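Trainee: Turn this into a structure:
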Amino acid sequence: MTMKIIVSLVLALCLTGCVNNQTTYHWGNYEQVVYDMYKNPGEATADQQLTKLRQDVEIAASKGKPVPPGVFAHMGMLYASMGNSEQAKLSLNEELAHYPESAIFVDGLLTRLEKGKE
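Mentor: Model (predicted):
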């Protein structure tokens with residue numbers, strides 16, 4: 001009888017852990033924006049993508065959730081594609097501030113951005 005109770009408790013604890021569908025980040029439209037960018041290139045302009053991502057950043061802040069890794073870097077690349085290198089730098093540095101582990105990738109983007117200005 002004791003073994004059945006222990007197994008039942010362990011099973012209940014495992015199932016309770018699976019029910020929690022809260023995520024650490026506010027993903028918003030980010031995954032869909034990236035998917036659409038590759039699946040249907042040219043259909044969503046950089047400005048349209050930025051509008052969605054800026055809204056996601058605002059919503060994340062209002063919910064007290066962090067923006068997922070890559071959002072600010074993606075925004076930086078979109079700004080760069082529009083010729084707005086100053087805003088691109090700000091976004092890329094924002095990515096570094098939130099995710100210092102992305103330094104190698106972001107530093108490479110910043111270097112290419114600087115070379116593009118020359």
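
Trainee: What's the separation between residue 72 and residue 39?
Mentor: In this structure, residue 72 and residue 39 are 23 Å apart, going by CB to CB, to the nearest Å. No exception for glycine: its C-beta is placed from N, CA and C like everyone else's.

Trainee: And the two? Which one has more around it.
Mentor: A direct count of neighbours by other CB atoms under 10 Å for residue 72 and residue 39 places residue 72 higher, at 24 against 9.

Trainee: Within the helices and strands, which one has that one?
Mentor: Using DSSP states H and E, residue 72 sits in helix 71-81.

Trainee: Show me how far that helix is from its chain's centre.
Mentor: Counting by CA atoms, centre = their mean, to the nearest Å, helix 71-81 is centred 11 Å from the centre of its parent chain.

Trainee: Buried residues in that helix, which are they?
Mentor: Neighbour-count burial for helix 71-81, counted by 16 or more other CB atoms under 10 Å, picks out 71-80.

Trainee: One more: stretch 101-113?
Mentor: 102, 106, 109-110, 113.

Trainee: Dump the buried residues of helix 71-81 to a markdown table, plus pLDDT and distance to residue 25.
Mentor: Output for the buried residues of helix 71-81, formatted as a markdown table (pLDDT from 0 to 100; distance: CB to CB, whole Å):
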| residue | pLDDT | distance to residue 25 |
| --- | --- | --- |
| 71 | 96 | 9 |
| 72 | 97 | 12 |
| 73 | 96 | 14 |
| 74 | 95 | 14 |
| 75 | 96 | 15 |
| 76 | 96 | 18 |
| 77 | 93 | 19 |
| 78 | 95 | 19 |
| 79 | 96 | 21 |
| 80 | 94 | 24 |
